[in-house]
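>>> Okay, predicted coordinates and the sequence, questions at the end:
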Amino acid sequence: MSKARVLFVCTGNICRSPTAEAVLRKAVVEAGLRDRIGCDSAGMGGWYSGGAPDPRAVKAASSRGYDMVEIRARKLNRADFADFDLLIGMDGGHLGDLKKMRPFRARGRVALFLSFSPDIVSSQGADVPDPYCGDEEDFEQALDLIERGTPGLLAAIESDFL
């Protein structure tokens, strides 16, 4: 039995995408699907490669029971389109970049995170706003959207890939 593989993508892989990785990982374990679904995260840029997520993201996530200790930033690469079934942009800019980068015959599909939960609309539309230049409240709000969007994503993964 193959494992469905999901990759979350944001700008630098220190805020939104590692948070989404941690939230989905916990949801997968709670759903008893750890052997069927795997996830990772990456950034469009490699500025923070090898580094831990932003401390504000870690603080928000850990206060709600999500573990980000092992997550390290890395840059998205072309091989990811072959290695992952689903590559998820955290905002429309990431989605556009993923579509441009995606090799013609790539296995991996690309999608926007909140597209799996169309009932969720943030003040930024379908994007999970980047909290990096904000304060702790912005990290909490990004986490709120990620938590609210994860059940729809998990249902789609189960439906489309398992």
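Happy to help now that I have it. It should be emphasised that the depicted structure is a prediction, and the values quoted were computed from it without experimental measurement.
>>> in the longest helix along the chain, what counts as buried?
As assigned by DSSP state H, the longest helix anywhere in the chain is helix 136-161. Buried residues in helix 136-161, counted by 16 or more other Cβ atoms under 10 Å: 138-143, 145-147, 149-150, 152-154, 156-157, 161. Every residue, glycine included, has its C-beta placed from N, CA and C.
>>> What helices and strands are in contact with it?
Applying 3 or more Cβ pairs under 8 Å, 6 or more residues apart in numbering; DSSP states H and E, one finds that helix 136-161 contacts strand 4-10, helix 16-30, strand 37-43, helix 55-63, strand 86-89.
>>> Quick check: bridge partners of I88?
F8, A111 (DSSP bridges).
>>> Would you check that it makes contact with L24?
No: contact criterion Cβ atoms under 8 Å: I88 and L24 do not qualify, at 9.3 Å.
>>> Give me the common contacts of those two.
Residues touching both I88 and L24 (Cβ atoms under 8 Å, 6 or more residues apart in numbering): V6, F8, L153.
>>> What is the nearest of those to R72?
F8 (13.8 Å; Cβ to Cβ).
>>> dump the residue contacts of the closest one.
With Cβ under 8 Å, 6+ apart, F8 has these contacts: 16-18, 20-21, 24, 39-42, 88, 90, 113.
>>> cool, and D160?
Shown here is D160, whose contacts under the criterion Cβ under 8 Å, 6+ apart are L86.
>>> Which pLDDT value goes with it?
Turning to D160, the model gives it a pLDDT of 91.
>>> Can you tell me which of the shared contacts of I88 and L24 is closest to G51?
Nearest to G51 out of the shared contacts of I88 and L24 is F8 (Cβ to Cβ; 16.5 Å).
>>> Check which residues of stretch 79-89 are buried.
Buried residues in stretch 79-89, counted by 16+ other Cβ under 10 Å: D80, F81, F84, D85, L86, L87, I88, G89.
>>> picking up where we left off before, okay if I get the shared contacts of I88 and L24 as CSV plus distance to D35 and pLDDT?
Listed next are the shared contacts of I88 and L24 as CSV, based on distance: Cβ to Cβ, whole Å; pLDDT from 0 to 100:
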residue, distance to D35, pLDDT
V6, 15, 98
F8, 20, 98
L153, 18, 97
